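Undergrad: Show me how the following folds:
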Amino acid sequence: MTWLVRVVVGLIVIGIVVFIVGSLLPQNHTASRTANFSQPPETVWAAMTDVAAFPSWRSDVATVAQLAPQNDKPVWRETSHRGEHITYAAETWDPPRHLVTRITDKNLPFGGTGITRWRRMARAARSPSPNMERFTIPCSRWCRDS
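TA: Sure, this is the predicted structure:
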């Protein structure tokens, strides 16, 4: 009988520790990344917003289904290689300078808004081509190294 009491007490202690650790974690998270492209902003915009092509260059996306637009802005559902689905909607669509996307699924344990802004930077002295300008995209949109 004492072993049963010890098991119950142990489970209660584990539950309390998990609760305390979980309550100490930050509720909000921000990640960001900056990338430089020696391409015109229209070219970068076209690549970053061609959702049908995401599986060809995003290793975490297996398929993309384009859904009915909302407020004349694109909506799409990405499916990962593990079969997980996430639906996104564009909230701000201002080509070729400003894109804001939002996770629309309510049943996920996470959510968020991704903000991508294109900013013109000074042309680098050793730019690959004198005809190309350099742009920086600060990306606070689920950025990570692949």
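Undergrad: Tell me where the protein is predicted with low confidence.
TA: 27, 29-31, 118-146 (pLDDT under 70).
Undergrad: Where is the longest strand in it?
TA: Under DSSP state E, the strand in the chain containing the largest number of residues is strand 85-94.
Undergrad: which residues are contacting it?
TA: Strand 85-94 is touched from outside by 67, 70, 73-80, 98-105, 108, 113, with contacts defined as C-beta atoms under 8 Å, 6 or more residues apart in numbering. To be clear about C-beta, it is placed using only N, CA and C from the backbone, and glycine gets the same treatment.
Undergrad: Among the residues you listed, which lie within strands?
TA: Per DSSP E, the subset of those in strands is 67, 70, 73-79, 98-103, 113.
Undergrad: which of those residues count as buried?
TA: 74-78, 99-103 (16 or more other C-beta atoms under 10 Å).
Undergrad: between these, which is nearest residue 8?
TA: Set against residue 8, the nearest of those by C-beta to C-beta is residue 103 (39.5 Å).
Undergrad: Who is that closest one paired with across the strands?
TA: residue 88 (DSSP bridges).
Undergrad: Also residue 37?
TA: residue 135.
Undergrad: would you turn the buried ones among the ones in strands among the contacts of strand 85-94 into TSV with distance to residue 85?
TA: Converted to TSV, those look like this (distance: C-beta to C-beta, whole Å):
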residue	distance to residue 85
74	16
75	13
76	11
77	6
78	7
99	21
100	21
101	15
102	15
103	11
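Undergrad: Just the CA atoms of the helix or strand containing residue 9, as CSV, please.
TA: For residue 9, the host element (DSSP states H and E) is helix 2-24. Presented in CSV, the C-alpha positions along helix 2-24 are these (Å, rounded to 0.1, in the frame of the first residue of the first chain):
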residue,chain,number,x,y,z
THR,A,2,2.9,2.4,0.7
TRP,A,3,4.2,2.0,-2.9
LEU,A,4,0.8,3.2,-4.2
VAL,A,5,1.0,6.3,-2.0
ARG,A,6,4.5,7.0,-3.2
VAL,A,7,3.4,6.6,-6.8
VAL,A,8,0.5,9.0,-6.3
VAL,A,9,2.6,11.5,-4.5
GLY,A,10,5.3,11.2,-7.2
LEU,A,11,2.7,11.9,-9.9
ILE,A,12,1.4,14.9,-8.0
VAL,A,13,4.9,16.3,-7.6
ILE,A,14,5.6,15.8,-11.3
GLY,A,15,2.4,17.6,-12.2
ILE,A,16,3.3,20.5,-9.9
VAL,A,17,6.7,20.8,-11.5
VAL,A,18,5.3,20.7,-15.0
PHE,A,19,2.8,23.4,-14.1
ILE,A,20,5.5,25.7,-12.6
VAL,A,21,7.8,25.3,-15.5
GLY,A,22,5.0,25.9,-18.0
SER,A,23,3.9,29.1,-16.1
LEU,A,24,7.4,30.4,-16.4
